[in-house]
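S.K.: Here is the input, now give the coordinates:
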Amino acid sequence: MQPLHPFQTEAWLEEIQLQASAHWQAGVLSLAFELNDPSASVLLPPANANPTRRDGLWQSTCFEAFLSPAGATHYWELNLAPSGDWNLYRLNAYRQGLQPDTALTSLPHQLQRSANGLQLQLDLPLQTLLPANSELEVSLTAVLDQHGHGCSYWAWNHVAPEPDFHQRGSFQLIPKRK
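M.R.: I've put the predicted structure just below:
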């Protein structure tokens, strides 16, 4: 797990800890997010009994992954809300041609909540999107919506003067596991 860092430095963010990991093996991208929020300030919508594909999830608490074959200009954006609702978009280039990618029709995941946060894990089958032997670049990010403060923007690496998860400079090469 690697820590995600908030874009802004505010006192009300200091006690929150967020970390994430990505592993690439045999055409499956395994993702994990772990949120530790001792004061329970992050808004976590209740679990949806029937999670669905939805737009606009990033407007509140949402965990995200941006992924691309190494060196390619096209990429995908995955949004997953604590409710279980999700979406997967394909973009042709930096913020261009955003379209829902219908190759995935569901997004099974595991979500465990606690009094101080949550743990989220999922295996994203990418065999229909790219060859299993592709080198993969990934950026893991999150939007955390907090009572009384609004949204903060978290990432492994912020590379722009504004929070911008689409910046390719923030993507990391994920080694393939054998």
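S.K.: Please name the nearest non-neighbouring residue to L107.
M.R.: W86 (4.4 Å; Cβ to Cβ, 6 or more residues apart in numbering). C-beta coordinates here come from the backbone N, C-alpha and C atoms, glycine included.
S.K.: list the buried ones in stretch 145-153?
M.R.: Neighbour counts over stretch 145-153 (16 or more other Cβ atoms under 10 Å) mark D145, Q146, C151, S152, Y153 as buried.
S.K.: quick one: contacts of it?
M.R.: With Cβ atoms under 8 Å, 6 or more residues apart in numbering as the test, stretch 145-153 has contacts from 6-8, 10, 12-13, 41-43, 59-61, 141-144, 163, 165.
S.K.: residue contacts, L43?
M.R.: Counting by Cβ under 8 Å, 6+ apart, L43 makes contact with S60, T61, D145, Q146, H147.
S.K.: how does it look with 10 Å?
M.R.: Taking Cβ atoms under 10 Å, 6 or more residues apart in numbering, we find L43 in contact with S60, T61, P82, L144, D145, Q146, H147, G150, C151.
S.K.: Now it: phi and psi?
M.R.: When read as degrees, to the nearest 10, the backbone of L43 gives phi -70, psi 120.
S.K.: State the distance from it to T9.
M.R.: 21 Å (Cβ to Cβ, to the nearest Å).
S.K.: Any idea how far apart the tips of stretch 8-26 sit?
M.R.: With Cα to Cα, to the nearest Å as the measure, stretch 8-26 spans 37 Å from end to end.
S.K.: which parts of it are buried?
M.R.: Result for stretch 8-26 [16+ other Cβ under 10 Å]: buried residues L13, I16, L18, Q19, A20, A22, W24.
S.K.: any idea where the helices of this structure begin and end?
M.R.: Taking DSSP state H, the chain contains no helices at all.
S.K.: circling back: using TSV, lay out the buried residues of stretch 145-153 together with distance to T102 and pLDDT.
M.R.: As requested, the buried residues of stretch 145-153 are exported to TSV (distance: Cβ to Cβ, whole Å; pLDDT from 0 to 100):
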residue	distance to T102	pLDDT
D145	28	96
Q146	33	94
C151	28	95
S152	31	96
Y153	28	97
